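Visitor: this one's sequence-less:
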């Protein structure tokens, strides 16, 4: 069950070289505060911007943060780490984004493409998934690996699978010319490291979705990167793709963190494509699951996915966070043979990438987690009361 996490568990492998920004609820400032991680100290960036969205709109952010000691210390990172319910002594680490839209790209890795087709053909029934997986993997899985989305090779694969009667709406967005970009969560609704993540009580087949999350400015520039858990209800989405919103956007079903690492000379957009992401799920029932995947196997580059999300037809004046798709859909049997994987209440989920740190959360039911009540209007009122509206 939830335990108090320590800063050493969530910090990236090279904190001295990384420029890490985020948000905390600070008891001393009386509300959400944009911060910079300086070794193990969190520094208040309110004089630059009262919102993360505003900070990430600034050109050449890293140069503004060179003199880290200039910004007031709020406490150590440990002072803000919680245990899934109780805050740290100085406050709580929040998701590192606020006013940005939270978008997601779906079906961007070969294994997740195959699993989405399985969900569709099993009509969301986990009992049928194993048999369908055995039937489809030799045909679909082998054809998907290494295929670049929108390429001539992808068109040839489509022709082959159509002849076999195996083409799917998921493969259309997975390797076709147009990416799936959907709204994962509302601005201000994401939870951060150390929080509980929510599973809708209607679901009996669900899983974590470990993902790399881009921070993108209103200009369409990739300005930073974080980790995310795009919690998914496989049975709900498997019944109908039109239930995607119900499967994805629930109370506390979106986790991002622990920080946003800014893109700079030490960490470039090219480095994002070389990230290796690990997933570890530990259950109170003794169940353990571990997996590792690499961004190198993504079917579209991060820059391509950003271009599908923003452009002449669609703008984001406050910027947006973009989940890049899951690399892994766990299928390891848990409750009984043939049942596949599903979450149990109390599962600890750890999503890690060495340059970004580790996002740690615990699984609970959406209706057992305190409801989301602090939205954009609450933020504006809080900032106004603190005299910070001028720097939003």
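Guide: The structure has been received and is ready for your questions. Here the structure is a predicted model, which is why all the values come from computation and not from measurement.

Visitor: How about the contacts made by residue 148?
Guide: 154, 175, 299, 300 (C-beta atoms under 8 Å, 6 or more residues apart in numbering). In this view, the C-beta of every residue, glycine as well, is placed from N, C-alpha and C.

Visitor: Just the buried subset of those residues, please.
Guide: The neighbour count (16 or more other C-beta atoms under 10 Å) marks 154, 175, 299, 300 as buried among the contacts of residue 148.

Visitor: Hmm, the second one is touching residue 113, no?
Guide: The reference is to residue 175. Yes. Using C-beta atoms under 8 Å, residue 175 is in contact with residue 113, at 7.4 Å.

Visitor: what sits in contact with each of those two?
Guide: By C-beta under 8 Å, 6+ apart, residue 175 and residue 113 have these common neighbours: 144, 299.

Visitor: Grab the most central residue of the protein for me.
Guide: residue 228 (2.1 Å; C-alpha atoms, centre = their mean).

Visitor: That one is in what secondary structure piece?
Guide: Per DSSP states H and E: residue 228 is located in strand 222-230.

Visitor: Direction included, what does that strand pair up with?
Guide: Sheet pairing for strand 222-230, assigned by DSSP bridges, gives strand 210-216 (antiparallel), strand 254-262 (antiparallel).

Visitor: Please enumerate residues in contact with the helix or strand following the longest one?
Guide: This means strand 254-262. Downstream of strand 254-262, the next assigned helix or strand under DSSP H and E is helix 269-272. Identification of contacts with helix 269-272 by C-beta under 8 Å, 6+ apart yields 212, 214, 222, 225, 263, 295, 302, 303, 355.

Visitor: Quick check: bridge partners of the first one?
Guide: The reference is to residue 212. Beta-bridge partners of residue 212, as defined by DSSP bridges: residue 227.

Visitor: how close does it sit to residue 275?
Guide: 6 Å (C-beta to C-beta, to the nearest Å).

Visitor: Mind listing the shared neighbours of the two?
Guide: Counting by C-beta under 8 Å, 6+ apart, the contacts common to residue 212 and residue 275 are 295, 353, 356.

Visitor: mind listing what residue 178 touches?
Guide: 172, 308.

Visitor: Show me the strands in the stretch 101-250 of the chain, by range?
Guide: 101-106, 180-185, 196-199, 206-207, 210-216, 222-230, 232-233 (DSSP state E, counting those that start in this stretch).

Visitor: Show me where the chain dips below the pLDDT cut-off.
Guide: Across the chain, the ranges flagged by pLDDT under 70 are 1, 110-111, 142-143, 390-392.

Visitor: how is it carved up into domains?
Guide: Domain ranges of the chain: 7-106+179-391, 110-175, per automatic domain parsing.

Visitor: Adding distance to residue 158 as columns, could you present the strands of the stretch 101-250 of the chain in TSV?
Guide: Formatted as TSV, the strands of the stretch 101-250 of the chain follow (distance: least, C-beta to C-beta, whole Å):
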stretch	distance to residue 158
strand 101-106	18
strand 180-185	16
strand 196-199	34
strand 206-207	27
strand 210-216	25
strand 222-230	26
strand 232-233	25
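
Visitor: Out of those strands, flag the one nearest residue 248.
Guide: The minimum distance between residue 248 and these falls on strand 180-185, with 5.7 Å, by C-beta to C-beta.
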